[in-house]
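> My questions are about this predicted structure, shown below with the sequence.
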Amino acid sequence: MIRVVLAEDQSMVRGALSALLALEGDIDVVAEVARGDEIVSTVEAVRPDVALLDIELPGSDGLSAAAILHDRLPDVRVIILTTFGRPGYLRRAMEAGAIGYVLKDAPANTLATAIRRAVEGKRTVDPTLAVTALSEGGSPLTEREREVLTASREAATIADIASRLFLSEGTVRNHLSAAIQKLEAHNRAEAARIAEQKGWLEPEADMR
């Protein structure tokens, strides 16, 4: 049996996925979690073959958990299962050590196939998304520009962003200006929206 840990915050979706995988004779969902900050401890406790992770979760995100699992438990194969068909998220998932990236609107048998392929050490990536990721390349933003844009989604003013990131207001303005120019946006809100759509920003924080 292929032992799987499932991380999904929406209970109905989690139940449906678990029931779907239960129909497969060789796959056993041994644990379910609804929070990102419970993934690592649960995987360490039950030692599954595959960790199936959503991206946006309360407490932490699936991409961060994937990177930790890759470092601590490299034998556990990580598959990202998400609604977000964003090239930047795919690139970051691969950098975090994920072996699969499956969209939730894919055909039902795609997930089971991806799990079996993961155990064999084979990748499964949505082909259209993979082509888009290759054609777009990596993010043009520096790490600091990305942090400032990420903070700007929740902070109302330059002063708020500066306080949150322990930067001067002038430094924040410089980074925002550079990001806006690189993304050919008209303002910081548009720049953040473009970067978010491409998966270049951190997933939205949810501290439920």
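That came through fine. Numbers count the residues shown, from 1 in each chain.
> which stretches of the chain form helices?
Residue ranges of the helices in the chain, as given by DSSP state H, are 11-22, 39-46, 62-72, 87-95, 108-119, 127-136, 143-152, 158-165, 169-182, 188-197.
> closest to Leu81 out of the ones you listed?
With C-beta to C-beta as the criterion, Leu81 lies closest to helix 108-119 of these, at 6.8 Å. To be clear about C-beta, it is placed using only N, CA and C from the backbone, and glycine gets the same treatment.
> any idea of the mean pLDDT for the closest one?
In this model, helix 108-119 has an average pLDDT of 93.
> repeat for stretch 83-93
On average, stretch 83-93 scores 81.
> what's in contact with that stretch?
With C-beta atoms under 8 Å, 6 or more residues apart in numbering as the test, stretch 83-93 has contacts from 55-56, 63, 66, 80, 82, 101, 103-105, 125-126, 128-130, 132-133, 136, 138-139, 195, 197-201, 203.
> Can you turn the buried part of the residues you listed into a PyMOL selection?
Per 16 or more other C-beta atoms under 10 Å, the buried members of the contacts of stretch 83-93 correspond to this PyMOL selection:
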select buried, resi 55+56+63+66+80+82+101+103+125+126+129+130+133+139+195+198+199+200+201+203
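> lowest confidence element among the helices and strands of this protein?
Lowest on mean pLDDT, DSSP states H and E among the helices and strands of the chain sits helix 127-136, with a mean of 65.
> Flag the shaky bits of the protein, pLDDT-wise.
The model of the chain has pLDDT under 70 over residues 130-138, 204-208.
> Tell me who's in contact with Ile99.
Arg77, Val78, Ile79, Ala118, Gly121, Lys122, Arg123, Thr124.
> and Asp26, what does it touch?
Neighbours of Asp26 in contact, by C-beta under 8 Å, 6+ apart: Met1, Ile2, Arg116.
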